[in-house]
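**Student:** Build me a model:
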Amino acid sequence: MKIFKLLILTFCITAMMASPASAESSEAKAKALAEKAAALIKKDPESAFVTLQKKSSGFGEDGFQIFVLDGMGIYKVHNDRPAVVGKDGTDMVDANGFYFVAAFMDAKDGEWINYKLPNKKDKNDRNKIRDKSVYIKKVGDYTLGVGYFK
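**Tutor:** Down below sits the predicted model:
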């Protein structure tokens, strides 16, 4: 019985220690993807938009989503929801009524925006509300975001 309790305790401690590292690595990955995408946009915005929209571009790997908004809040790119490209996102709200796209537009370069949405790719519960974080990068008149569900 002591061995069983020790194994359970070891598992719990390991799980608690692994969680912050995972969050830190997700944040670092989001920042790195944003920097890489920003460099593409600075070089040639229209070409960058085509590249970023492609699933095969590598920007949507590991559950990350990337989007670009113009100065009016119109989606230029959304690699996970192509149906919103060309549409105004400023009236979009999360599960708590938070205007998250408007917050993206108002955010400073390097700021994190947190909000709550269902993760439609969650095979276990597509409607469960999840925490989402987005790293914001300002590139000229564009707002670039790289997000992930926690």
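
**Student:** Please make it C-alpha for all contacts and neighbour counts, starting now.
**Tutor:** Fine.

**Student:** At the geometric centre of this structure, which residue sits there?
**Tutor:** When Cα atoms, centre = their mean is applied to the chain, the residue found nearest the centroid is Gly147 (0.5 Å).

**Student:** Show me what the closest residue to that residue other than its chain neighbours bridges to in the sheet.
**Tutor:** Distances taken as Cα to Cα, 6 or more residues apart in numbering put Val134 closest to Gly147, at 4.0 Å, once the chain neighbours are dropped. According to DSSP bridges, the partner residues bridging Val134 are Ile113, Gly147.

**Student:** Okay, Val134 and Asp44: tell me how far apart.
**Tutor:** 23 Å (Cα to Cα, to the nearest Å).

**Student:** Check Glu35 too.
**Tutor:** Note on Glu35: its distance to Asp44, by Cα to Cα, is 15 Å.

**Student:** Looking at these two, which has the bigger crowd around it?
**Tutor:** Remark: of Glu35 and Asp44, Glu35 carries more neighbours, 16 against 10, as counted by other Cα atoms under 10 Å.

**Student:** To which secondary structure element is the more buried one assigned?
**Tutor:** helix 2-43 (DSSP states H and E).

**Student:** which residues make contact with the very next helix or strand once past that helix from outside it?
**Tutor:** Going down the chain from helix 2-43, the next helix or strand is helix 45-53, by DSSP H and E. The contact list for helix 45-53, computed with Cα atoms under 8 Å, 6 or more residues apart in numbering, reads 37, 40-41, 57, 59, 66, 68, 76-79, 82.

**Student:** Next, the buried residues of helix 45-53.
**Tutor:** For helix 45-53, a neighbour-count test (16 or more other Cα atoms under 10 Å) marks 45, 48-49, 51-53 as buried.

**Student:** Make JSON lines out of those residues and add distance to Lys120.
**Tutor:** Below are the buried residues of helix 45-53 laid out as JSON lines (distance: Cα to Cα, whole Å):
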{"residue": "Pro45", "distance to Lys120": "29"}
{"residue": "Ala48", "distance to Lys120": "26"}
{"residue": "Phe49", "distance to Lys120": "24"}
{"residue": "Thr51", "distance to Lys120": "23"}
{"residue": "Leu52", "distance to Lys120": "21"}
{"residue": "Gln53", "distance to Lys120": "19"}
